[in-house]
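K.L.:
build me a model from this:
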Amino acid sequence: MKKLLILVVAVVFAFGCAPKGGPSKNPVLAKIKGAKITKEDYLKEFNRLPEWAKARFQSKEGKEQFLNELIKKDLLYNKAKKQGLERDKEYVSRLEEYKKMELISLLLKNEIEGKVKATDEDVKNFYAKHSSEFKAGEEVKASHILVDTEADVNAVYEKLRKGEDFSKLAKGFSKDHTTSAKGGDLGFFRHGQMVPEFEQFAFRLKVGEVSHPVRTRFGYHIIKVSARKEGTQLGFEQVKDSIKRRLISEKQKEIFDAFVEKLKKESNITIEKKALDEIQLPVGETQKPAAGQEPVEGQLPESPETK
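P.N.:
Predicted coordinates:
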């Protein structure tokens, strides 16, 4: 019951007064101290539920149960208003942040999402050029050296070019302490386990080949592939949807980056670096991952939502 109430409360804030209209078109389902829950209100709230939740309210008893959840929601909302909680500082702050993020979302939808398309021809051309990337069960075994700055990665890369040992350099320079003691060894990994920038390079390298410096949100990497397990080639029909999503995502990022740069040029932005440097950030408690779930720097922990 608690889970059902949370589902309904999370849908949006409270419903408003019932819109005008004849009872035959929009009948009243419940009255609460003068307020009304109409058929239109009911269906609007129901349609906001995720698909898996909708299935729980299809029966006669389920419909009544959902109406009771809406009544609970209205009672709690009115009680909160009576207590003046809409003036609570934390609530007002969170509401303003919510409004800000919703406006940003609407802006991006208008400026970016509607302008990006990936045609069937785009998808076919991409598959033709990159078909080797789409293999079921393909894995690579790689090592990496991870550093913070571009200057550091260039210095390490120069040492590799001069013939110095990758494993020794990983032990001496890599900030990924989980793997540095093992010469940077990440073991075998599949598609979807690494951040995209890292993965794209790792799966393109031949065995024994070393990448140029690669930048991700973790820092700068140099990657070396030591082994690979070839997978089964996937057909176009099996991957066309994921290719389309990938192309749209890449195009959206390009437009987004250009849009933000344009805004920066149009604005008079001044950064007070001294004041920024003087900020003392609180140090959060380090929570050790469960056994067998320790993520590697540059690697995403596995979960059903990873891909």
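
K.L.:
distance of the residue lying closest to K206 once chain neighbours are set aside from F126?
P.N.:
Spatially, and ignoring its direct neighbours in sequence, K206 is nearest to V225 (6.9 Å; CB to CB, 6 or more residues apart in numbering). Quick note: C-beta positions are derived from backbone N, CA and C, even for glycine. From V225 across to F126, the span is 23 Å (CB to CB, to the nearest Å).

K.L.:
burial check on K63, number of neighbours?
P.N.:
14 (other CB atoms under 10 Å).

K.L.:
these two touch, right, it and F46?
P.N.:
No - taking contacts as CB atoms under 8 Å, K63 lies outside contact range of F46: 9.1 Å.

K.L.:
what residues are shared contacts of those two?
P.N.:
By CB atoms under 8 Å, 6 or more residues apart in numbering, K63 and F46 have these common neighbours: F57.

K.L.:
helices or strands next to whichever strand or helix holds the residue nearest to K206 in the packing?
P.N.:
Assigned by DSSP states H and E, V225 belongs to strand 219-229. Packing partners of strand 219-229 (3 or more CB pairs under 8 Å, 6 or more residues apart in numbering; DSSP states H and E): strand 139-147, helix 150-161, strand 185-190, helix 196-202, strand 214-216.

K.L.:
closest to N268 out of those?
P.N.:
Smallest distance to N268 across these (CB to CB): 28.0 Å, for helix 150-161.

K.L.:
chain center to the helix or strand following the closest one, what's the gap?
P.N.:
Downstream of helix 150-161, the next assigned helix or strand under DSSP H and E is helix 166-173. Distance of helix 166-173 from its chain centroid, counting by CA atoms, centre = their mean, to the nearest Å, is 32 Å.

K.L.:
now the element after the one helix or strand K265 maps to, going C-ward?
P.N.:
K265 belongs to helix 236-266 when assigned by DSSP H and E. Using DSSP H and E, the helix or strand that follows helix 236-266 in sequence is helix 273-277.

K.L.:
for stretch 254-269, could you pull out the residues that count as buried?
P.N.:
I255 (16 or more other CB atoms under 10 Å).

K.L.:
show residues contacting it.
P.N.:
L108, E111, I112, K115, V116.

K.L.:
report the buried members of those.
P.N.:
Burial by neighbour count, 16+ other CB under 10 Å: within the contacts of stretch 254-269 this picks out I112, V116.

K.L.:
hmm, back to that, residues near the residue nearest to K206, how many?
P.N.:
20.

K.L.:
contacting residues around it?
P.N.:
V140, K141, A142, A202, L205, K206, V207, G208, E209.

K.L.:
at 7 Å what do you get?
P.N.:
Residues in contact with V225, defined by CB atoms under 7 Å, 6 or more residues apart in numbering, are V140, K141, A142, A202, L205, K206, V207, E209.

K.L.:
so for it, what's the pLDDT?
P.N.:
According to the prediction, V225 has pLDDT 96.

K.L.:
also the one 4 residues further on?
P.N.:
Confidence per residue is given as pLDDT, and for K229 that number is 88.

K.L.:
which strand residues sit across from it in the sheet?
P.N.:
E139 (DSSP bridges).

K.L.:
surely it meets K141?
P.N.:
No - counting by CB atoms under 7 Å, K229 does not reach K141; the two are 8.3 Å apart.

K.L.:
anything in contact with each of those two?
P.N.:
Common neighbours of K229 and K141 (CB under 7 Å, 6+ apart) are F188.

K.L.:
and the two? Which one has more around it.
P.N.:
Applying other CB under 10 Å to K229 and K141 shows that K141 carries more neighbours, namely 17 against 12.

K.L.:
kindly state the beta-bridge partners for K36.
P.N.:
Residues in beta-bridge contact with K36 (DSSP bridges): K31.

K.L.:
near it, how many other residues are there?
P.N.:
A count of nearby residues for K36, using other CB under 10 Å, gives 17.

K.L.:
and the one 10 residues further on, by the same measure?
P.N.:
Taking other CB under 10 Å as the neighbour definition, F46 ends up with a count of 17.
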